[in-house]
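Asks: I'd like to go over a predicted model; first the sequence, then the structure.
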Amino acid sequence: MDSAEQVSESFTKALPKVELHAHLSGSISRQCLHEIWKNKKSKDPNFPVEDPLVLMPAGKVDYTLQTFFQVFSKLIYQLCNDLEILAYATNSVLEDFHSDGVRYLELRTIPRASPNTNITREEYLTTVLDTISTFKSRTGKQMSVFLILALDRGNTTATEAQEIIDLAISNKPRGVVGVDLCGNPTQGDVTIYRDAFARAKAHGLGLTLHFAETPASGARDELAALLSFQPDRLGHVIHVPDDVKAEIVKRGLGLELCMSCNVHAKLIDGGFWITILGPGGMRIARLLCVQMMWASFVALSRMSICLLPSISGLIVLSW
Ligand SMILES: CNc1ncnc2c1ncn2[C@@H]1O[C@H](COP(=O)(O)O)[C@@H](O)[C@H]1O
């Protein structure tokens with residue numbers, strides 16, 4: 001290998017990668033959504049959802065925070081509304097990460113109950129975990145897969161949050177490693193989840209939080225409340241006042257870049273905050289999941305990219 005050669009797409013694909021911030025329903029490919037749609041449409045010609053490939057043709061990436069969350073409620077959740085399809089979509093997501101060269105994956109999902117189709121939270125979770133198990137037995141030890149259960153701010157009540165934490169605790173032996181707070185950052189009061197997250201941490205689960213994604217969710221009160229939950233990692237981390245940045249650095253928290261939102265859809269108004277390389281900055285390894293972006297932004301040489309995985313292994317295990 002010529003270590004000075006610039007990074008190419010095939011090189012980064014072949015490189016073993018760590019993915020720490022991937023929402024299950026947000027990782028289903030357009031093609032897979034189209035297949036699900038085609039199947040539903042063939043069974044019911046009146047199925048009232050438009051073809052995902054027409055709504056989102058290849059290459060269309062023009063989301064804003066106003067339109068982004070509707071893609072889930074108006075399209076993806078209408079398509080993935082039974083357990084068989086959930087298993088199909090989950091398997092497709094795992095196959096895609098695997099063929100992209102991901103070798104350590106922490107997938108996150110909100111275990112959604114669907115009263116209309118009589119699906120309970122537990123059935124949702126069991127289906128995802130069973131699909132992961134089947135995938136792992138089929139592919140051997142090529143990709144480690146763990147699950148993070150997410151609360152949906154603005155939609156998950158404090159009582160429901162405790163139910164999700166119960167599920168996370170009881171499914172630790174099956175590979176649930178942590179809990180997350182996600183959802184539309186302009187909605188909800190995050191303080192209602194304090195007790196639920198405290199219980200999750202007391203049971204040894206890792207805690208990651210969507211943090212300062214928008215100016216609205218970058219208010220000091222909210223950031224202070226989120227930091228008081230003692231998170232291990234933070235996602236997005238865009239609209240952060242300087243004193244809060246200093247606190248994050250002091251605590252050595254891991255930063256997760258969301259590849260699809262922050263890189264692909266460029267939902268980074270306000271600028272993505274990466275001080276990891278600065279003197280006294282955060283532990284460098286957290287950057288592994290952003291190596292693709294890094295490579296294209298600063299045209300790192302192959303050798304510098306190759307140095308990252310060895311450092312990162314430590315951090316992945318450090319929930
Ligand atoms: C701008 N980026 C983001 N910020 C916050 N939450 C996000 C997100 N992208 C996705 N989600 C959350 O993940 C759910 C989909 O996956 P699951 O159905 O759980 O597998 C969405 O409903 C949303 O709540």
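Replies: Yes, it's here.
Asks: can you list the low-confidence ranges for the stretch 151-300 of the chain?
Replies: Residues of the stretch 151-300 of the chain that meet the criterion pLDDT under 70 lie in 259, 262-300.
Asks: ok, what's across the strand from the residue in it that the ligand sits nearest to?
Replies: The minimum distance from the stretch 151-300 of the chain to the ligand, using C-beta to the nearest ligand atom, falls at C182 (3.5 Å). Backbone N, C-alpha and C define where each C-beta goes, glycine included. In this entry, C182 is beta-bridged to D152, by DSSP bridges.
Asks: enumerate the residues of the protein near the ligand.
Replies: Listed as neighbours of the ligand in the chain under the rule C-beta under 6 Å from any ligand atom: 23-26, 68, 72, 109-110, 150, 152, 182-183, 210, 213, 258, 261, 267.
Asks: ok, now with 8 Å
Replies: Counting by C-beta under 8 Å from any ligand atom, the chain comes close to the ligand at 23-27, 65, 68-69, 72-73, 76-77, 108-110, 112, 150, 152, 155, 182-185, 210, 213, 235-236, 258, 260-261, 265, 267.
Asks: from these, list the buried ones, please.
Replies: Buried subset of those (neighbour count, 16 or more other C-beta atoms under 10 Å): 23-27, 65, 69, 72, 76, 108-110, 112, 150, 152, 182-185, 210, 213, 235-236, 258, 260-261, 265, 267.
Asks: tell me which entries of these lie within strands.
Replies: In strands, judged by DSSP state E, the following of these are found: H23, R108, T109, A150, D152, C182, H210, G235, H236.
Asks: most widely separated two among those?
Replies: Farthest-apart pair in those is T109 and H236; separation 17.5 Å (C-beta to C-beta).
Asks: how does the protein divide up, domain by domain?
Replies: In terms of domains, the chain is parsed into 9-28+80-316, 30-69 (source: automatic domain parsing).
Asks: out of these, deepest packed?
Replies: domain 9-28+80-316 (a mean of 18; mean count of other C-beta atoms under 10 Å).
Asks: how far is that domain from where the chain is centred?
Replies: On the basis of C-alpha atoms, centre = their mean, to the nearest Å, domain 9-28+80-316 sits 4 Å off its chain's mean C-alpha point.
Asks: which residues touch the helix or strand hosting T126?
Replies: Per DSSP states H and E, T126 falls inside helix 121-139. With contact meaning C-beta atoms under 8 Å, 6 or more residues apart in numbering, helix 121-139 is reached by 24, 83, 86-87, 90-91, 94-95, 98, 107, 109, 111-114, 143, 145, 147, 149, 163-164, 167, 171, 174-176.
Asks: with stretch 80-93 instead?
Replies: 22, 24-25, 27-29, 32-33, 36, 79, 107, 114, 116-117, 119, 123-124, 127-128, 130-132, 134-135.
Asks: repeat that with 10 Å
Replies: Where contact means C-beta atoms under 10 Å, 6 or more residues apart in numbering, the residues beyond stretch 80-93 that reach it are 22-29, 31-33, 35-36, 39-40, 72, 76, 79, 105, 107, 109, 112, 114, 116-119, 123-124, 126-132, 134-135, 138.
Asks: what's the answer for stretch 32-40, then?
Replies: With contacts defined as C-beta under 10 Å, 6+ apart, stretch 32-40 is touched by 25, 28-29, 47, 49-56, 71, 75-76, 78-82, 85, 88-89, 91-93, 95-96.
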